[in-house]
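>>> sequence plus predicted model, see below.
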Amino acid sequence: MKLFIISIIIFDICISLISGISNRVLSNNLCKTDYKNSLISTNSLPITQTNRIKNKSKQLINFIGLVSSTVVLSKQSKAVDLLPIKTNNIISSNIVSKAITNEIDGSNDFIAGLVSGAASRIGKELILHPIDTIRARQQILLSNTSDPIVGVVNTIKDLYSGVGPALVGGIPAGALFFGVKDYSKGQLRKAGLSKSAATLLSVVITNIPFWLVKTPTEVLKTRQQIGESNESNVSSLIELFNDKGGQALYESLYSSYLSNFAYALPSDIIKFLAYESLQSVLFNTKDGSIVNGYEAAFTGSLASLIAQISTTPLDVARTRIMAQSSNSIDKSSNPIEVLQNAIDKDGPSILLAGIGPRSLRAICSGGIQFASYELTQNIFSKSRSIS
């Protein structure tokens, strides 16, 4: 109950932050609108006042126009020599206005991704954490007991164990994931890459900082879910640091970074490519189209289900690696070695351990993630249309 109350408080704080960010973006868009209107209103000033403005700022405007034009042309031209640019007030103003618009739009892509990622992560963690706890325990605890009744009881008790670290690390990591992905994908599309290629590369780029942020709290969450008392909370980590130093603390929290990355990369690539393909095939969605929340939920659920089922063995490996403390016997961070040891001990069926709750969580998680993401994106698209 205490964990649930804490989760609700964190949820309320995050919603307040998201609201503040949204208002800031809307304010930026209104500023951009005011700037454009000011360019128009300048033409309606009295002739004498207009002449004074032109005479006093002509050199400055021409200089800005020359520099801006040179930058724009140097980025766009590939095999064409740069020619001298003749500027006037109108051309200079248009170029400066376009540069400001592009800069604000790029920032909006990043901020919209941050808000969308945070919103989807909050819903996923608060609603689906019990299913994730069952998944983790099936991959670890059931193989450690010969009594099926004890195994079931151990699996279903305290289902919100580890929700604190999941929220603390998951929300900023989720925001960072979509912020970086949307921004990098937009830049890659502008560079001429196809939609699929841009999606693939943006997912690769995004997973690097995502798991740098999330891995420590993901480790703590997993250890708390399975009831591992060693190095599963802040006080035990401080004690570990005092006893063995920073190297031991780093190994305890980041030994699973590569296994998390190795699991998440193919899973995310499959999920996002499948989502875009399903959107295109089922709903004929094009670039820049407004995606209905129900459509996003349906295709997101299917895409997540495909990705999660196909990467279950990798998830078994990463869960077992994260469950290891610094004092674990046969400690290893090699996913292949961990899976081989698991097969030797529990048989080949261990490779699909937890596939039931993983599938259920994938359906719910995919629906929540993509529906909340697209709905948040739609809000930002409407705010952009004001300008």
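Thanks, I have the structure now. Residues are numbered from 1 along each chain as shown.
>>> every contact and neighbour count from this point should use C-alpha atoms.
OK.
>>> residue 319 against residue 136, yeah?
Yes - assessed by C-alpha atoms under 8 Å, residue 319 is found in contact with residue 136 at 6.7 Å.
>>> quickly list what's touching both of these two.
Taking C-alpha atoms under 8 Å, 6 or more residues apart in numbering as the contact rule, the neighbours common to residue 319 and residue 136 are residue 222.
>>> between those two, point out the one with more neighbours.
Neighbour tally, residue 319 and residue 136, criterion other C-alpha atoms under 10 Å: the higher count belongs to residue 136, 26 against 23.
>>> the more buried one: which element?
Assigned by DSSP states H and E, residue 136 falls within helix 89-140.
>>> check contacts around residue 289.
If a contact means C-alpha under 8 Å, 6+ apart, then residue 289 has no contacts.
>>> so it: helix, strand or coil?
coil (DSSP: H, G, I helix; E, B strand; the rest coil).
>>> for it, give its distance to residue 117.
Distance, residue 289 to residue 117, using C-alpha to C-alpha, to the nearest Å: 19 Å.
>>> same deal with residue 152?
Distance check for residue 152 against residue 117: by C-alpha to C-alpha, it reads 34 Å.
>>> give me the more crowded residue out of the two.
residue 117 (26 against 15).
>>> show me the contacts for the more buried one.
Contacts of residue 117 by C-alpha under 8 Å, 6+ apart are 171, 174, 175, 176, 177, 178, 179, 369, 373.
>>> now flag whichever of those is closest to residue 191.
Within the contacts of residue 117, proximity to residue 191 (C-alpha to C-alpha) peaks at residue 179, which comes in at 18.6 Å.
>>> now do the strands in the stretch 201-350 of the chain.
Per DSSP state E, counting those that start in this stretch, the stretch 201-350 of the chain carries no strands over any range.
>>> all helices of it, in order?
234-244, 246-254, 257-283, 293-310, 312-323, 335-346 (DSSP state H, counting those that start in this stretch).
>>> got the angle between the fifth one and helix 257-283?
Relative orientation of helix 312-323 with respect to helix 257-283: 140 degrees, computed using axes from the mean of the first three to the mean of the last three C-alpha atoms, to 10 degrees.
>>> now do the buried residues in stretch 242-249.
Of all the residues in stretch 242-249, those buried under the rule 16 or more other C-alpha atoms under 10 Å are 248, 249.
>>> give me the mean pLDDT for it.
Stretch 242-249 carries an average pLDDT of 84.
>>> CA atoms only: put it into PDB for me.
C-alpha atoms of stretch 242-249 as PDB (Å, rounded to 0.1, in the frame of the first residue of the first chain):
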ATOM      1  CA  ASN A 242      32.400   1.700   1.700                       C
ATOM      2  CA  ASP A 243      33.600  -1.900   1.900                       C
ATOM      3  CA  LYS A 244      34.900  -2.600  -1.600                       C
ATOM      4  CA  GLY A 245      35.100   0.800  -3.400                       C
ATOM      5  CA  GLY A 246      33.700   2.300  -6.600                       C
ATOM      6  CA  GLN A 247      34.800  -0.500  -8.800                       C
ATOM      7  CA  ALA A 248      32.700  -3.000  -7.000                       C
ATOM      8  CA  LEU A 249      29.700  -0.700  -7.000                       C
END
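>>> that older thread, quick one, which of the helices of the stretch 201-350 of the chain is nearest to residue 199?
helix 257-283 (7.1 Å).
>>> next, the buried residues of that closest one.
257-279.
>>> ok and that helix relative to helix 293-310, angle-wise?
140 degrees.
>>> could you name the helices and strands sitting against helix 257-283?
Applying 3 or more C-alpha pairs under 8 Å, 6 or more residues apart in numbering; DSSP states H and E, we find helix 257-283 packed against helix 195-225, helix 293-310, helix 312-323.
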